[in-house]
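Trainee: what shape does this take:
(2 chains)
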Amino acid sequence: MRRVVVTGLGMVSPLACGVEPTWSRLIAGRSAARLIEGFDTSDLACKVAMQIPRGDGSDGTFNPDDWMEPKEQRKVDDFIIYAMAAATQALADAKWKPVSYEDQIKTGVLIGSGIGGLVGIAETAVILKEKGARRVSPFFIPGRLINLAGGYVSIQHGLKGPNHAVVTACSTGAHAIGDAARLIALEDAEVMVAGGAESAISRIGIAGFSACKALSTNFNDRPTQASRPYDKDRDGFVMGEGAGCVVLESYEHAKARGAQIYAEIIGYGMSGDAYHITAPDPSGDGAFRAMTTAVKRAGISPSEIDYINAHGTSTPLGDEIELQAVQRVVGDGADTLSMSSTKSAIGHLLGAAGAVEAIFSILAMRDHIVPPTLNLDNISVETRIDLVPHQARKRKVDCVLSNSFGFGGTNACLIFRRAN
Amino acid sequence: MSDVAERVKKIVIEHLGVDAEKVVDNANFIEDLGADSLDTVELVMAFEEEFSVEIPDDAAETIVTVGDAVKFLEKATAA
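Mentor: Numbering: from 1, shown residues only, chains lettered A, B, ... in the order given. Below you'll find the predicted structure:
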């Protein structure tokens, strides 16, 4: 199979709009958590989230008008606007602008979402009940469908290659990048815009995840302490929103046009738990097999992995199961491994998490610095792995792994290496 | 300009994101104002909502310009 490299990055995160402002705030140890704004939380058990900082576009704020015309924004849920922003940034970063028909047909898009247009579905259900079927907008369906994130991106940028989407809950972003890399490796495309987007912070979204007992509820009076992976006081995840997109490219295509190359994607592993709809398998077998499959595909020794961006959602069960699975994979490599959960700073972006976290992993390699796990005051279980508590750390990073696990028992693992 | 015409034009400007000076009586929603077939469906719905009238599908098909809409709605609201 052909080599596939990363040549462009883009994101909208709760810390900032844009890759560099997000990264610098992440490295500085800032948390995006705060009390939920924009809707009533009085009857919700969880009142904390990590919402996109909206503004005029200056100082890292997100201004939707910068990415999509206001009359189009009205027709879609926010995850599509976030995807447009992340994809547009990534293509600009890659300096890839397909104009000729030949360039357009070799450039595709694969952007997923965990839930898609949840808010629009909830609002339209109310309109249907209160006003009847004749008041349901013709944009209701196209503005909520998950693949319309990629649809809008393809129309905006003239991407006529493979047009695909992934829906695997919290593994979506990782699966999107892994699958898009496969499409390039198998010569279905030369360039792919790949990633995930999510906008589920809403009354119905918080109520739904609360009912699953997945969200933190003990820190409503201390929002920035709510997301605390591996800490003994952790009590659930904090919901985030946003989008991450990368531009993937065949090595030959990137070289031929003199593109900057951030990293090479060398490993991709997938597995299923076949255990429970929301709970992770206590044995960690699914996580273990996703990682070992990716390591095998990469053709590396597990001890070569310098940094792991953990799934680490800050839920009582999941964090330790993942940690044990990682220890099984790396063995004595645990002594030289750093692993952190950036969900401590940006929350859980659900379908966008895997894409945003893959980008953080790549930047860790670019800058030889690993982002911190915030709020890790008292680790709940002993480990030889450096979990990077509180502060970012400079260290050698030449090979990185990013884990994503989703409801339904779906696991995805990506490995990137500095490209030579 | 009649009250109906003003309200129609306001809806058209808002939904199609076009400049006010383009929204003249003989402006065709699709050919002159950049609407697609879904936009025209939504426009008719917005007119129905604004004027509390029902516009049957066969009547909606005859509303292709700003003037058509104004004329239809002036008649419907006068009744």
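Trainee: residue of chain B closest to chain A, please.
Mentor: B:G17 (3.1 Å; Cβ to the nearest Cβ). From N, CA and C alone the C-beta is placed, and that goes for glycine too.
Trainee: could you check how far the residue nearest the centre of chain B is from B:E50?
Mentor: Nearest residue to the geometric centre of chain B (Cα atoms, centre = their mean): B:A69, 4.3 Å. According to Cβ to Cβ, to the nearest Å, B:A69 and B:E50 sit 11 Å apart.
Trainee: ok, now A:I27?
Mentor: In terms of Cβ to Cβ, A:I27 sits 51 Å off from B:E50.
Trainee: between those two, which is the more surrounded one?
Mentor: Taking other Cβ atoms under 10 Å in any protein chain shown, A:I27 and B:E50 do not tie; A:I27 has more neighbours (21 against 14).
Trainee: from the chain's centre, how far out does stretch A:207-216 sit?
Mentor: 20 Å (Cα atoms, centre = their mean, to the nearest Å).
Trainee: and for stretch B:31-49?
Mentor: 7 Å.
Trainee: neighbours of A:G57, how many?
Mentor: Neighbour tally, A:G57, other Cβ under 10 Å: 15.
Trainee: and the pLDDT for it?
Mentor: Listed pLDDT for A:G57 reads 97.
Trainee: so who does it touch?
Mentor: Going by Cβ atoms under 8 Å, 6 or more residues apart in numbering or on different chains, A:G57 touches A:17, A:63, A:65-66.
Trainee: repeat the analysis, applying 10 Å as the threshold.
Mentor: For A:G57, the contact set (Cβ atoms under 10 Å, 6 or more residues apart in numbering or on different chains) comprises A:17-18, A:63-67.
Trainee: and B:V53, by the same measure?
Mentor: Going by Cβ under 10 Å, 6+ apart, B:V53 touches B:47, B:59, B:72-73, B:75-77, B:79.
Trainee: which of these are buried? Put it as a PyMOL command.
Mentor: Burial among the contacts of B:V53 is assessed by 16 or more other Cβ atoms under 10 Å in any protein chain shown; the matching PyMOL selection reads:
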select buried, chain B and resi 47+72+73+76
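Trainee: for the chain, which segments count as helices?
Mentor: Picked chain A for this. Taking DSSP state H, the helices of chain A run over residues A:19-27, A:70-73, A:78-94, A:101-105, A:118-131, A:148-157, A:172-185, A:203-211, A:251-256, A:285-298, A:318-330, A:343-346, A:353-367.
Trainee: wrong one, I was asking about chain B
Mentor: Remark: helices assigned in chain B by DSSP H are B:3-16, B:37-51, B:57-60, B:66-78.
Trainee: any idea of the angle the longest one forms with helix A:118-131?
Mentor: Using axes from the mean of the first three to the mean of the last three Cα atoms, to 10 degrees, one finds that helix B:37-51 and helix A:118-131 are set 50 degrees apart in direction.
Trainee: number of nearby residues for whichever residue of chain A sits closest to chain B?
Mentor: Using Cβ to the nearest Cβ, the single residue of chain A nearest to chain B is A:K71, 3.1 Å away. Other residues near A:K71 number 15, with proximity taken as other Cβ under 10 Å.
Trainee: OK, contacts around it?
Mentor: B:13-18, B:34, B:39 are the contacts of A:K71 under Cβ under 10 Å, 6+ apart.
Trainee: going through the residues you listed, which ones are buried?
Mentor: Using 16+ other Cβ under 10 Å, the buried ones in the contacts of A:K71 are B:13, B:15-18, B:39.
Trainee: need these in TSV (columns: distance to A:E304 and pLDDT).
Mentor: Formatted as TSV, the buried ones among the contacts of A:K71 follow (distance: Cβ to Cβ, whole Å; pLDDT from 0 to 100):
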residue	distance to A:E304	pLDDT
B:I13	60	96
B:H15	56	93
B:L16	56	94
B:G17	53	92
B:V18	58	94
B:D39	55	95
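Trainee: chain neighbours aside, what residue packs nearest to residue 67?
Mentor: Reading this off chain A. Nearest residue to A:W67, sequence neighbours excluded (Cβ to Cβ, 6 or more residues apart in numbering or on different chains): A:A85, at 4.1 Å.
Trainee: wrong one, I was asking about chain B
Mentor: Among residues not flanking B:G67 along the chain, B:D25 sits closest, at 3.6 Å (Cβ to Cβ, 6+ apart).
Trainee: check contacts around the one you found.
Mentor: Contacts for B:D25 (Cβ under 10 Å, 6+ apart) come out as B:1, B:5, B:8-9, B:65-71.
Trainee: any idea how far it lies from A:P229?
Mentor: Using Cβ to Cβ, B:D25 is found at 62 Å from A:P229.
Trainee: for A:S202, what are its contacts?
Mentor: Contact analysis of A:S202 by Cβ under 10 Å, 6+ apart lists A:36, A:38-39, A:49, A:77-78, A:115, A:118-120, A:122-123, A:208, A:239, A:241.
Trainee: OK, contacts around B:F51?
Mentor: B:F51 neighbours (Cβ under 10 Å, 6+ apart): B:4, B:7-8, B:11, B:69, B:72-74, B:76-77.
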